[in-house]
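Trainee: need coordinates for the below:
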Amino acid sequence: MYQSIHGHEIMEIILTAGLPHSRRTLGQVVSERYGDNPRFHTCSAQDMTLDELLTFLISRGKVAEIDGYLQTAREQICGHG
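Mentor: Numbers count the residues shown, from 1 in each chain. Okay, here's the model as predicted:
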């Protein structure tokens, strides 16, 4: 059985990065922290890959991808997980 990681943890990584992350560099950080094939969930979706999670968060306005770099804001991160 795998552990599912809440999407707000990924948003926190994006928010607190010293330099902005692209999808590729975020993927590297996520792999280092959670292993090669982590799965993710949010309050309303489950069993997603990192790419699926990012697509979901972008579609919900929780994350933006601008000029190839990911951005989010503290107020977009839910307080539970």
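
Trainee: which residue ranges of this structure form helices?
Mentor: Remark: helices assigned in the chain by DSSP state H are 7-16, 23-34, 50-59.

Trainee: residue 29 is in contact with residue 23, isn't it?
Mentor: No: look at residue 29 against residue 23 with CB atoms under 8 Å: they stay out of range, at 11.0 Å. For the C-beta atoms, the positions are set from N, CA and C on the backbone; glycine is no exception.

Trainee: which residues touch stretch 23-30?
Mentor: 10, 13-14, 17, 21, 38, 50-51, 54, 65, 70 (CB atoms under 8 Å, 6 or more residues apart in numbering).

Trainee: the same query, at a cut-off of 6 Å, please.
Mentor: Stretch 23-30 is contacted by residues residue 50 when judged by CB atoms under 6 Å, 6 or more residues apart in numbering.

Trainee: in that stretch, what's buried?
Mentor: Neighbour counts over stretch 23-30 (16 or more other CB atoms under 10 Å) mark 26, 30 as buried.

Trainee: what does stretch 8-24 give?
Mentor: Result for stretch 8-24 [16+ other CB under 10 Å]: buried residues 8, 10-11, 13-15, 21.

Trainee: ditto for stretch 28-41
Mentor: Under 16+ other CB under 10 Å, the buried positions of stretch 28-41 are 30, 34, 38-41.

Trainee: need these in TSV (columns: distance to residue 76).
Mentor: Rendered in TSV, the data for the buried residues of stretch 28-41 read as follows (distance: CB to CB, whole Å):
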residue	distance to residue 76
30	18
34	21
38	21
39	21
40	16
41	16
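
Trainee: can you list these in CSV and add pLDDT and distance to residue 61?
Mentor: Formatted as CSV, the buried residues of stretch 28-41 follow (pLDDT from 0 to 100; distance: CB to CB, whole Å):
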residue, pLDDT, distance to residue 61
30, 96, 21
34, 95, 25
38, 94, 23
39, 97, 23
40, 97, 18
41, 96, 18
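
Trainee: going by distance to residue 58, which of the residues you listed wins?
Mentor: residue 40 (13.7 Å; CB to CB).
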